[in-house]
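Participant: I'd like to go over a predicted model; first the sequence, then the structure.
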Amino acid sequence: MISVVDGVDHRAKLISAGAGAFGLVGCIAGWILAPRDFFVSYLFAHFFFLGLSLGALGLLMIHHLTGGYWGYSVRRFFESAVGNLPLLAVLFVPLFFGLPYLYPWKNPSVVAADEILRSRFNYLNTPGYVVRTIIVFGVWIVMARLLLKWSAEQDVTVSVEPTRKLRTLSGPGLVIYPVTMTFAAVDWLMSLEQDWYSTMFAVMICIGQMLGALAFVILLLSSATRSRQLGAIISTEDTLHKIGNLLLAFTMMWAYLEFGQLLITWSGNLPHEISWYLHRVAGGWRWVCVFLFLFNFLIPFFLLLMRSVKNRAQTLAIVAGCILVAHIADVWWTIAPSLHPEHFYFTWWAILTFVGVGGIWSATFLWNLQRRPLVPLNDPRFAVAVPA
């Protein structure tokens, strides 16, 4: 793993690309043999890795606004993940061909029998879905390109102008991100159900994405403790401690939003909101809820309260790995019960699509990581933030 951060091992990129190519070839077979199962799985895999890139985008903008010392050790990881957004836009295209297998509003007989779906026809239709998808990806890619461009300019100049531009975009960008995710979440996830409303869903998705991205980056950071470039920053006790505190904060925020909406919906028996939870707390799906409660909140929460856990890269990585695995389960739990509400459902196509999309995403991530120094250069706030 040290080779990955000290000059990205060519073999790692080849292995990732090979796994991705194998998985995507298998996806073609899934498209032909079991299209419904394939498209559910592909949406799951794509949305998970999109979440890593968008979560990194949100965290990167937070760092540009705050300028904390903790961010300089992980900034290149965030930027490498953000650089994958154009790739994810291309990988989304197959989902346009799977709309009839995923969404009830594409089934004429279901629409004819459901007054709510008929009332949404002017919004939930194929042209609107495609256009809104293109727009949100366009907005994300433009923001990502500007952040990467100005960061590259900062590396080669002592001017404060690139730093000012990065901060200027990051403020509005942290508003644009959840707003655009609202449209994406409604189209891609909420419309998997015939009748469901939620005003907090997009915010929960954004927090979950940033939590997952931070856990992923901590795993990479733990392998770089002896890195020639990053070692000096990571070895500073305050760096890991602050990153651990940030992980704790997002863990608590995720749990607060998830439990808050469940409590209000369940206690109020809200007719248009409760159906979503009924599909996810019955049958085998209830054990996924228990798993998420334990490994996405309870266990990480109590471990991250301990300073000794946050000050050691290895123990912090174990907690981050726990959260990342739980986040994978959370994405599946968010998507799959909409199409299989009667019992727990899992298919090996989910593993194949995860390997396919994940392999290509990882290879591109490593290629992005190789292109620039791991430590940001010429950031005027870096020297000020260095601990005495």
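Facilitator: In hand now; what should we look at?
Participant: what's the burial count for residue 291?
Facilitator: As a burial measure, residue 291 scores 15 neighbours (other Cβ atoms under 10 Å). Placement of C-beta: from N, CA and C, glycine included.
Participant: How about it: what's its closest non-neighbour residue?
Facilitator: Excluding the flanking residues, the one nearest residue 291 by Cβ to Cβ, 6 or more residues apart in numbering is residue 329, at 6.0 Å.
Participant: What of residue 327?
Facilitator: Distances taken as Cβ to Cβ, 6+ apart place residue 212 nearest to residue 327, at 4.0 Å, with adjacent residues excluded.
Participant: Over to the one you found: give its phi and psi.
Facilitator: Main-chain dihedrals, residue 212, degrees, to the nearest 10: phi -60, psi -40.
Participant: Now for it: which residues touch it?
Facilitator: Residues in contact with residue 212 (Cβ atoms under 8 Å, 6 or more residues apart in numbering) are 48, 51-52, 55, 323-324, 327.
Participant: Dump those to a markdown table, plus secondary structure and neighbour count.
Facilitator: Compiled in a markdown table, these are given as follows (DSSP: H, G, I helix; E, B strand; the rest coil; neighbours: other Cβ atoms under 10 Å):
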| residue | secondary structure | neighbour count |
| --- | --- | --- |
| 48 | helix | 23 |
| 51 | helix | 24 |
| 52 | helix | 27 |
| 55 | helix | 29 |
| 323 | helix | 28 |
| 324 | helix | 21 |
| 327 | helix | 25 |
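Participant: Relative to residue 14, which of these is nearest.
Facilitator: Set against residue 14, the nearest of those by Cβ to Cβ is residue 52 (21.1 Å).
Participant: Kindly provide the distance from the closest one to residue 82.
Facilitator: Computed as Cβ to Cβ, to the nearest Å, the residue 52 to residue 82 distance reads 10 Å.
Participant: Give me the common contacts of these two.
Facilitator: Overlap of the contact sets of residue 52 and residue 82 (by Cβ under 8 Å, 6+ apart) is empty.
Participant: and residue 325, what does it touch?
Facilitator: So residue 325 contacts residue 295 (Cβ under 8 Å, 6+ apart).
Participant: do the one 4 residues further on as well
Facilitator: Applying Cβ under 8 Å, 6+ apart, we find residue 329 in contact with 288, 291-292, 295-296.
Participant: Quick check: buried residues in stretch 293-309?
Facilitator: Of all the residues in stretch 293-309, those buried under the rule 16 or more other Cβ atoms under 10 Å are 295-297, 299-300, 303-304, 309.
Participant: in what helix or strand does residue 225 lie?
Facilitator: Using DSSP states H and E, residue 225 maps to neither a helix nor a strand.
Participant: Quick check: closest non-adjacent residue to it.
Facilitator: residue 313 (4.9 Å).
Participant: can you give me phi and psi for that neighbour?
Facilitator: phi -60, psi -40.
Participant: so where's this structure shaky on pLDDT?
Facilitator: For the chain, residues meeting the criterion pLDDT under 70 lie at 1-9, 236-237, 383-388.
Participant: Next, name the residue at the spatial heart of it.
Facilitator: With distances taken as Cα atoms, centre = their mean, residue 51 lies nearest the centre of the chain, 1.8 Å away.
Participant: How many neighbouring residues does the spatially closest residue to that residue that is not a sequence neighbour have?
Facilitator: When the adjacent residues along the chain are set aside, residue 51 lies closest to residue 209, with 3.9 Å between them (Cβ to Cβ, 6+ apart). Neighbour count of residue 209, defined by other Cβ under 10 Å: 27.
Participant: can you pull the contacts of residue 308?
Facilitator: residue 315.
Participant: Extract the CA atoms of the helix or strand containing it and return them as CSV.
Facilitator: Assigned by DSSP H and E, residue 308 belongs to helix 307-310. The C-alpha trace of helix 307-310 is given here as CSV (Å, rounded to 0.1, in the frame of the first residue of the first chain):
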residue,chain,number,x,y,z
ARG,A,307,-8.3,9.7,22.0
SER,A,308,-6.1,6.6,21.8
VAL,A,309,-8.1,5.3,18.9
LYS,A,310,-7.9,8.5,16.9
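Participant: Quick check: residue 152 vs residue 42, distance?
Facilitator: Look at residue 152 and residue 42: by Cβ to Cβ, they are 33 Å apart.
Participant: who has more neighbours, the two?
Facilitator: Counted by other Cβ under 10 Å, residue 152 and residue 42 do not tie: residue 42 has more neighbours, with 28 against 15.
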